[in-house]
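Q: Here is my input; please provide its structure:
(one chain, ligands or ions: 1)
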Amino acid sequence: MVSRRRLRRLSSFAVLLAAPAALGAALAHAHPAHARPAPRTVELTLNIAPARLSLRPGDTCDVLAFNGQVPGPTLEFQEGDHVVVHVHNHLAEPTTIHWHGLHIPASADGSPLRPIAAGASYDYKFTILPGSAGTYWYHPHPDHRTGYQIAKGLYGAIVIRAADDPLAGIPEQVLELSDNRFTPEGEVDFPPPDSPQGQIDEENGREGPVLFVNGRVMPTIPIRAGEVQRWRLINTAAARIYRLALEGHEFLYVGSDGGLFERPVPVSEMVLATGERVELLVRGTGAPGSRAVLRTLPYDRYDPHTRPADWNVPRDLLALQYSDSAPVAPVVLPSRLRVVPALDTTKVTVHRVLVFSQGLINNKRMDMNRVDERGRLGATEIWQIENVVGMDHPFHLHGFQFQLLDRNGVPEPFRAWKDMVDVRKHESARFVVRFDDYPGLWMYHCHILDHEDHGMMGILEVTPQHGGRR
Ligand SMILES: [Cu+2]
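A: I've put the predicted structure just below:
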């Protein structure tokens, strides 16, 4: 790990993007080869149980919690770690834990095919593969009840670190974005599916008027003028798509679902669909003592029939508060982050088309006993997700990171590892994926939780090349 002091010492040019040659020297200096830690076994326990906690300020309500807290504890692993998670389900219904975005065996995926019964326990065992450093999250994924259990509080962040992280030493914030809706009595409002509001939620995706960051309303993040912070943002909301902007500041967009890009990309706004993650560098360009608000700006993901009346009102999320201290010298930020090898599209042997309409994928609802798509281990495939309706459907594939190729034929501007793609209204998005390991049954679905729970999901079976099921 590079200390902040070391980073500052490297910053003799006081520029934010170093020339590649200078960067190479800095990296060679900061990350000697022997710094890579030996693989560890990390063992932890997650108890899933009802609790009574304060979500909204000044109020308590019935929640479901990981180890008594909402959000659950942030889990930190290193590449190479062997992870064992002992899960105890103290709920009155089945649950699972899905490790959203991780490339791990199907037996550890926490899909609805492997429920943990009420009162039962399960050990999830997986290895964190090299190259997977990034921001992920965990949440239940039981059949039909994912939206309910997440709404009641079951979600948490995962940070995976690399020994050769080019941004090591920069102060970090993990920011879990969520929203919720409450009854007049102060309880989490999750109406029966056949109620009028339940039917609106089923179509629109359940949104709530109270916006949380790490389970808090409008928290304050301290910063010092000149400081650079690395923000890891996770959209854990059921349906809300955030369009993030920090007043008076630009972001350096450095990573998304599967970790860092090859180069930082300056952006003024960031659209974050449900399930997605991004890594942003925030540069403390404000004056000592000043304050800036991170907001979510209007983003029209909606069908006009169920679009909320206040959809176009900007909403405050958190405040960035500058200390009165004198500015610190800017750190040198690398202009190259890592190599993201391109999946070889000349090796593609299978093209699939998935048509997303309202509540259906290829005109079907989820059937737990049906395999919808069959793939071979080792194959490289192109998937085309066609959204034929007038609202966004954020697509998620379990188990495998893919590379988005294009949207409506327009090539993506740069390469990134993704497990989510928000397929916008009437848009067709294509990605390339390689089934390099881990045969088994894998879910793919819309990540609007209400859509997923009502059947907008399918099953991909990946089989070993010479037949046979594992
Ligand atoms: Cu959807």
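Q: closest point of the stretch 251-400 of the chain to the ion, which residue?
A: His393 (3.6 Å; CB to the ion). Any C-beta I mention is one placed from the backbone N, CA and C, and that applies to glycine too.
Q: This structure against the ion: which residues are in contact?
A: 393, 446, 448, 451 (CB under 5 Å from the ion).
Q: just for the chain, where's the confidence low?
A: 1-37, 466-470 (pLDDT under 70).
Q: one more time with 50, if that's ok
A: 1-34, 468-470 (pLDDT under 50).
Q: Would you mind measuring from Asp310 to Leu354?
A: Noted for Asp310: a distance of 33 Å to Leu354, by CB to CB, to the nearest Å.
Q: Neighbour count: these two, which is higher?
A: Leu354 (17 against 9; other CB atoms under 10 Å).
Q: which residues does the residue of the stretch 251-400 of the chain closest to the ion bridge with?
A: Per DSSP bridges, the residues bridged to His393 are Val423.
Q: Tell me the gap between the helix or strand harbouring Val63 and the middle of its chain.
A: Using DSSP states H and E, Val63 maps to strand 61-66. Chain-centre distance of strand 61-66: 21 Å, with CA atoms, centre = their mean, to the nearest Å.
Q: got it, and stretch 79-98?
A: Distance, centroid of stretch 79-98 to centroid of chain: 18 Å (CA atoms, centre = their mean).
Q: what's the spacing between stretch 387-400 and its chain's center?
A: Distance, centroid of stretch 387-400 to centroid of chain: 14 Å (CA atoms, centre = their mean).
Q: Now it: buried residues?
A: 387, 391-400 (16 or more other CB atoms under 10 Å).
Q: Just give me the closest of the residues you listed to Met456.
A: Within the buried residues of stretch 387-400, proximity to Met456 (CB to CB) peaks at His393, which comes in at 7.4 Å.
Q: In strands, which of the residues of the chain next to the ion fall?
A: Counting by DSSP state E, the part of the residues of the chain next to the ion found in strands is 393, 446.
Q: quick one: the helices in the stretch 1-150 of the chain?
A: Remark: helices assigned in the stretch 1-150 of the chain by DSSP state H, counting those that start in this stretch are 4-9, 20-30, 146-151.
Q: correction: the stretch 151-300 of the chain
A: Under DSSP H, counting those that start in this stretch, the stretch 151-300 of the chain gives helices at 196-204.
Q: Please identify which residue in it comes closest to the ion.
A: For the stretch 151-300 of the chain, CB to the ion, closest residue to the ion: Gly205, 7.0 Å.
Q: got the contact list for the residue nearest to that residue when sequence neighbours are not counted?
A: The shortest distance from Gly205 to any residue other than its chain neighbours is 2.4 Å, reached at Ala239 (CB to CB, 6 or more residues apart in numbering). When contacts are counted by CB atoms under 8 Å, 6 or more residues apart in numbering, Ala239 touches 204-207, 274, 448-450.
Q: Relative to His426, how far out is Ala239?
A: For Ala239, the distance to His426 - CB to CB - is 19 Å.
Q: Name the residues of stretch 209-221 that are buried.
A: 211-215, 221.
Q: I should have written stretch 416-427 there, sorry.
A: 416-424, 427.
Q: got it, and stretch 194-214?
A: Neighbour-count burial for stretch 194-214 flags 200-208, 211-214 (criterion: 16+ other CB under 10 Å).
Q: circling back: among the buried residues of stretch 387-400, which are in helices?
A: Using DSSP state H, the subset of the buried residues of stretch 387-400 located in helices is empty.
Q: Could you pick out which of those residues are located in strands?
A: Per DSSP E, the buried residues of stretch 387-400 map to strands at 387, 393-397.
Q: now those residues as CSV including distance to Ala162?
A: Output for those, formatted as CSV (distance: CB to CB, whole Å):
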residue, distance to Ala162
Asn387, 34
His393, 32
Pro394, 27
Phe395, 27
His396, 24
Leu397, 23
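Q: what's the closest of these to Pro50?
A: His396 (27.4 Å).
Q: And that closest one, how far from Lys418?
A: 10 Å.
Q: Repeat that for Thr346.
A: 21 Å.
Q: ok, now Gly101?
A: 9 Å.
Q: What of Arg434?
A: 13 Å.
Q: Over to Trp383?
A: Remark: distance between Trp383 and Lys418 (CB to CB) = 12 Å.
Q: overlap in contacts of the two?
A: 402, 431.
Q: tell me, how many neighbours does the closest residue to Arg52 other than its chain neighbours end up with?
A: The spatially closest residue to Arg52, leaving aside those adjacent along the chain, is Thr60, at 5.4 Å (CB to CB, 6+ apart). By the criterion of other CB under 10 Å, Thr60 has 13 neighbours.
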